[in-house]
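Engineer: model this:
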Amino acid sequence: MYPSRNNSLITSMQHLSLPASVISSIVADPSSIASPASVGISASEATYILNEGFIKGFRIVFILNAVLTSLATVASVVMIKHKELTRGDEGKLKKDQEQEQERKVEVERSDVEMAVQGDKGKATTVEVT
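Structural biologist: Sure thing, here's the model as predicted:
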């Protein structure tokens, strides 16, 4: 008979035993509660409808939202798997790099030795001033 989206509002009005025509008019235009006399209800009935209908309805929506958000957080924590950033062959790569570095040092050392040996046969002059 009434849209299900207004369950809390309709339930609060049914508790007051309001006629179906009043319930329908308030559901159709909820702002009519601002002037209760225009729909044929008292100010205390309008306050009850607001407190029990709208506030309770919004409370249910917010609690449901909080529960679903918590559930989504838990699901995210459980479903996101840890991804290891190491490749597993770092030790081998480091050893290879050290060997390459040692080879370069040896090449440079031999180049320096060859240059020194080549310079021994040449005469060097030193100017003294």
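Engineer: center of the chain, which residue is that?
Structural biologist: The chain has residue 73 as the residue nearest its centroid, 8.7 Å off, counting by Cα atoms, centre = their mean.
Engineer: name the element that residue belongs to?
Structural biologist: Secondary structure from DSSP states H and E places residue 73 in helix 56-79.
Engineer: remind me, longest helix of this protein?
Structural biologist: helix 90-120 (DSSP state H).
Engineer: Give me the distance between that helix and the centre of its chain.
Structural biologist: Taking Cα atoms, centre = their mean, to the nearest Å, one finds the center of helix 90-120 at 51 Å from the center of the full chain.
Engineer: Pull out the buried residues from that helix.
Structural biologist: Using 16 or more other Cβ atoms under 10 Å as the test for burial, helix 90-120 gives no buried residues. Any C-beta I mention is one placed from the backbone N, CA and C, and that applies to glycine too.
Engineer: same for that helix, what does it pack against?
Structural biologist: Under the contact criterion of 3 or more Cβ pairs under 8 Å, 6 or more residues apart in numbering; DSSP states H and E, helix 90-120 touches no helix or strand at all.
Engineer: Might you list the low-confidence residue ranges for this protein?
Structural biologist: 1-6, 118-129 (pLDDT under 70).
Engineer: and if we set it to 90?
Structural biologist: For the chain, the stretches with pLDDT under 90 are 1-19, 21-41, 49-60, 80-94, 105-129.
Engineer: Report the separation between residue 34 and residue 47.
Structural biologist: 12 Å (Cβ to Cβ, to the nearest Å).
Engineer: Count the neighbours of residue 52 for me.
Structural biologist: Here the number of neighbours of residue 52 (other Cβ atoms under 10 Å) works out to 17.
Engineer: That one and residue 39, how far apart?
Structural biologist: Look at residue 52 and residue 39: by Cβ to Cβ, they are 16 Å apart.
Engineer: cool, and residue 83?
Structural biologist: 61 Å.
Engineer: Looking at the two, which one has more neighbours?
Structural biologist: Between residue 83 and residue 39, counting by other Cβ under 10 Å, residue 39 is the more crowded of the two (19 against 5).
Engineer: does the closest residue to the more buried one other than its chain neighbours count as helix, strand or coil?
Structural biologist: Closest residue in space to residue 39, ignoring its immediate chain neighbours: residue 32 at 4.9 Å, by Cβ to Cβ, 6 or more residues apart in numbering. Applying DSSP: H, G, I helix; E, B strand; the rest coil to residue 32 yields a three-state assignment of helix.
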